[in-house]
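Enquirer: Pasting the sequence and the predicted model now:
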Amino acid sequence: PARVVGPSPTQLHLMRTMVRALYDEKSDARASRGFFHKKDLDSDEVKVMESFYKTSLSFPYLLALPNTLAAISDLGDLWYREFYLEVTKQMQFPIALSLPWILTEFVIENVEADAPLIEDIA
């Protein structure tokens, strides 16, 4: 029967480990005492396995596509300027030019009996 569900992260990790053990010259499987110690794989097959190994790094991200899209569309990390300004204790612009300050100053300076705006500042 056809498989309806993608491989689990553990299965992907095991598959990548086995593929690397087959093509990597430094692995125990390819060592002189290993199962594949002879030249069973020619250079083209090794290149294909190495290419598959590198490509399969993105498989977990593709299997969890909604989470991946949510993570890459999060723009919270792009607000480094605000963090830098806070750490260096520098102002981006004077507070007297900010809209909340201007509106608060207007309300405080224009207090009238018929317009109770001060109560709405909280």
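Expert: Happy to help now that I have it.

Enquirer: in this structure, what secondary structure element scores lowest on mean pLDDT?
Expert: Within the chain, no helix or strand scores below helix 80-88, which has a mean of 74 by mean pLDDT, DSSP states H and E.

Enquirer: sec struct for I102, please.
Expert: Put simply, I102 is helix when judged by DSSP: H, G, I helix; E, B strand; the rest coil.

Enquirer: going on from the longest helix seen in the chain, what's the next piece of helix or strand?
Expert: Longest helix of the chain, by residue count under DSSP state H: helix 9-23. Beyond helix 9-23 on the C-terminal side, the first helix or strand identified by DSSP states H and E is helix 43-55.

Enquirer: pull the CA atoms of the helix or strand following that next one into PDB?
Expert: Moving toward the C-terminus from helix 43-55, the next helix or strand (DSSP H and E) is helix 59-63. What follows is helix 59-63, C-alpha atoms only, in PDB (Å, rounded to 0.1, in the frame of the first residue of the first chain):
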ATOM      1  CA  PHE A  59      13.300  17.500   4.000                       C
ATOM      2  CA  PRO A  60      12.300  18.200   7.700                       C
ATOM      3  CA  TYR A  61      11.500  21.800   6.800                       C
ATOM      4  CA  LEU A  62       9.400  20.700   3.800                       C
ATOM      5  CA  LEU A  63       7.500  18.200   5.900                       C
END
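
Enquirer: counting contacts, what elements does helix 59-63 pack onto?
Expert: With contacts taken as 3 or more C-beta pairs under 8 Å, 6 or more residues apart in numbering; DSSP states H and E, helix 59-63 sits against helix 9-23. No exception for glycine: its C-beta is placed from N, CA and C like everyone else's.
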